[in-house]
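Peer 1: This is a predicted model, with the sequence first.
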Amino acid sequence: MDLNEMSPNFKSSFFLLKRKWNRLPKFLRFYLIVVFLFVAFTFSYYVFFVASKKNLIEINASDENDLLLTDDDRIRPSQVIEHNLIPPQNPHLDDNTIKEFIVTQKIPPILLDESDNSDDKAITSEEFLQASLKQNEKQKMIQEAILHSWKGYHEYAWGQDMLKPITRKGKNWFGIGLTILDSLDTLLIAGLENEFQQALNWIKHELTFEVNENVNCFETTIRALAGLTSAYHICKEKILLEKAIDLGNRLIHCFDSPSKTVPFSDVNLKSKISKSPVYMPESSMSEVSTVQLEFRDLSYETNDKSYEEKSFATSKYIHELIQKRKNYLLPMYINPLSGNLMSSTITLGARADSYYEYLYKQYVQTKIEFLLDDYIRSIDAIKDRLVATTQGELKLLYIGEIINSDPQSIHPKMDHLVCFLSGTLALGYYHEHLRPFHKSGIANETFISHLKLAEDLARTCHYMYNLTETGLAPEIAYFGINDKQHEYYIQPRDTHNLLRPEFVESLFFLYHITGNQKYRDWGMQVFNAFEKFTRVNSGGYTTINDVRHPKNVKPKDLMESFWLAETLKYLYLLFMDDHKIVRKLLNNYVFNTEGHILPRRV
């Protein structure tokens, strides 16, 4: 515009600004020009470059930050069934926009059919293979996901503990091929004979536990030891039992602690010397109380009672502690030197969760009565001290925590791990109420109330998925304690999803025990979300860092071994229509905390 065309007022303002600009020191004028150019460049860069590539997702991997995962890598549209979700909601939106996903269809529980009176309680790989030839469409999809995961691991991480699916390489934790050992029974259950033979050949010719590595006793027991024995129970390949015995003889030295009853957290597989890790002298409650199913099973298979005696001494010791304390809620930590409980948070989440799970599952395995009594009393204490319900429209039941700084209040934090409890409660209802096998004298109303708690908790766990924009649950959720707070929200540090199995594990038990179709519907929702946001095209699935942002989930580039061992296995079994197989699994086996099946011994 020519200055002569300006209005008098505008012209006057223009010359005034020009005079003020000329009066500024030269260095200040130079500085302001640089700032202006920088802002202009940044804006242009965003508009023309970042916005045009908004379909790219940044990898949050410490050593591979320059790599990108595209939509083509993580979405396979031809295999994704349309979500039957409510539209994912931001927890900060008005509650009136949130409507509960409701399924009214209900079928008779398939496990109540006792017409099969076969004396053969064992389940075989041939039965699973035959069942795989009659898969429904959803099982076919999940079997393909198992194959896709195995393909990525086999191609890029073979013999290592875990797959990094985006950078296409392996990662070691213990150095024992953990994904192979953890996946064995999943491959058999899904009828994948060729893939199982690949794993078996590696075990025969390459697996060694003569590794100079300090391993976590709990993780190695539930994943590797149980993976070997579970597959052995199905296929009877002797090499699996031989390797399990070798590993068990190393892990049992965890119990070489001064207390003799509380094991150390770690053991060196080669030297068999156990110790606490440098960063934490205590052992966690879940670590010390969640190896008994596995060592007892090894005792039965070897006729060597020492495995069971050493591991079960811990359970008996904890039972004595709670009898003295008259408190059935235990803290997260216990000292392997003194055997003393440590003052710490009371939770059903990380570091304490599977203690409660194994109280009941050990009872199913053995019929030792004090285990059932401790389990019943623990659930009563959980209901009295930890269960709360939000005050808003959704009325979400959650299981909070008791922290040292405020022992009289419920801290409204719940790990995704807590979702395991729905499955354990449903299993107790099935065995103790629907088909009781003992004379405990406990009123059936107890287990009916347990099923109610199981279903209410599962509903909340479903919302943990349904209330995020991706349809995937965060690692930890928080709940409003009054009607002025949001009923459900996520802290920024807790937005990651690790492909965890606890919710689909509970859906497997709840569907086959109650026959309610909604549990299958919820399972398919979860599977579809995993397919859409965690699948990597070259093979495998990745953990992610942010379930809130569908266009930037920030993949962590890791596929945990429990993805194959548990998450996909439970999804596959959730849609199993072969009633005979499901009855055998629930009547004659117990699932360990890693999803491996071990025979009941009663």
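Peer 2: Okay, I see it.
Peer 1: Longest strand in this protein, by number of residues?
Peer 2: Across the chain, the longest stretch assigned as strand under DSSP state E is strand 406-411.
Peer 1: quick check: mean pLDDT across the following helix or strand past that strand?
Peer 2: Next helix or strand after strand 406-411 toward the C-terminus (DSSP states H and E): strand 413-415. Here strand 413-415 scores 98 as its mean pLDDT.
Peer 1: hmm, who's touching strand 413-415?
Peer 2: With contacts defined as C-beta atoms under 8 Å, 6 or more residues apart in numbering, strand 413-415 is touched by 347-350, 353, 398-401, 460, 475-479. Every residue, glycine included, has its C-beta placed from N, CA and C.
Peer 1: what's the closest of those to V291?
Peer 2: D353 (14.3 Å; C-beta to C-beta).
Peer 1: how about the nearest residue to that closest one, chain neighbours excluded?
Peer 2: L417 (5.0 Å; C-beta to C-beta, 6 or more residues apart in numbering).
Peer 1: can you pull the contacts of that neighbour?
Peer 2: L348, G349, A350, D353, R500, E502.
Peer 1: likewise L510?
Peer 2: Going by C-beta under 8 Å, 6+ apart, L510 touches S422, G423, A426, A454, E455, A458, N516, Y519.
Peer 1: Redo those as CSV? Include secondary structure and neighbour count.
Peer 2: Converted to CSV, the contacts of L510 look like this (DSSP: H, G, I helix; E, B strand; the rest coil; neighbours: other C-beta atoms under 10 Å):
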residue, secondary structure, neighbour count
S422, helix, 28
G423, helix, 26
A426, helix, 27
A454, helix, 24
E455, helix, 20
A458, helix, 26
N516, strand, 20
Y519, helix, 25
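Peer 1: can you tell me which two in those are farthest apart?
Peer 2: G423 and N516 (14.1 Å).
Peer 1: So the residue nearest to D353, which state does it fall into?
Peer 2: helix (DSSP: H, G, I helix; E, B strand; the rest coil).
Peer 1: so how far is A350 from it?
Peer 2: 6 Å (C-beta to C-beta, to the nearest Å).
Peer 1: next one: T567
Peer 2: In terms of C-beta to C-beta, T567 sits 17 Å off from A350.
Peer 1: which SSE is F420 in?
Peer 2: Going by DSSP H and E, F420 is part of helix 420-429.
Peer 1: Who are the packing partners of that helix?
Peer 2: helix 353-366, helix 444-466, helix 502-514 (3 or more C-beta pairs under 8 Å, 6 or more residues apart in numbering; DSSP states H and E).
Peer 1: in stretch 477-494, what counts as buried?
Peer 2: Neighbour counts over stretch 477-494 (16 or more other C-beta atoms under 10 Å) mark A477, Y478, F479, G480, E487, Y488, Y489, I490, D494 as buried.
Peer 1: Tell me the spacing between the third one and F420.
Peer 2: It stands for F479. 18 Å.
Peer 1: if I look at the nearest residue to I318 once chain neighbours are set aside, how far off is V262?
Peer 2: Residue nearest to I318 in three dimensions, not counting chain neighbours: S289, with 6.2 Å by C-beta to C-beta, 6+ apart. As defined by C-beta to C-beta, S289 lies at a distance of 10 Å from V262.
Peer 1: same deal with S538?
Peer 2: Where V262 is concerned, S538 sits at a distance of 44 Å (C-beta to C-beta).
Peer 1: Next: L188.
Peer 2: Distance from L188 to V262, by C-beta to C-beta: 35 Å.
Peer 1: ditto for Y358
Peer 2: 15 Å.
Peer 1: repeat for G471
Peer 2: 41 Å.
Peer 1: who's more crowded, these two?
Peer 2: V262 (27 against 22; other C-beta atoms under 10 Å).
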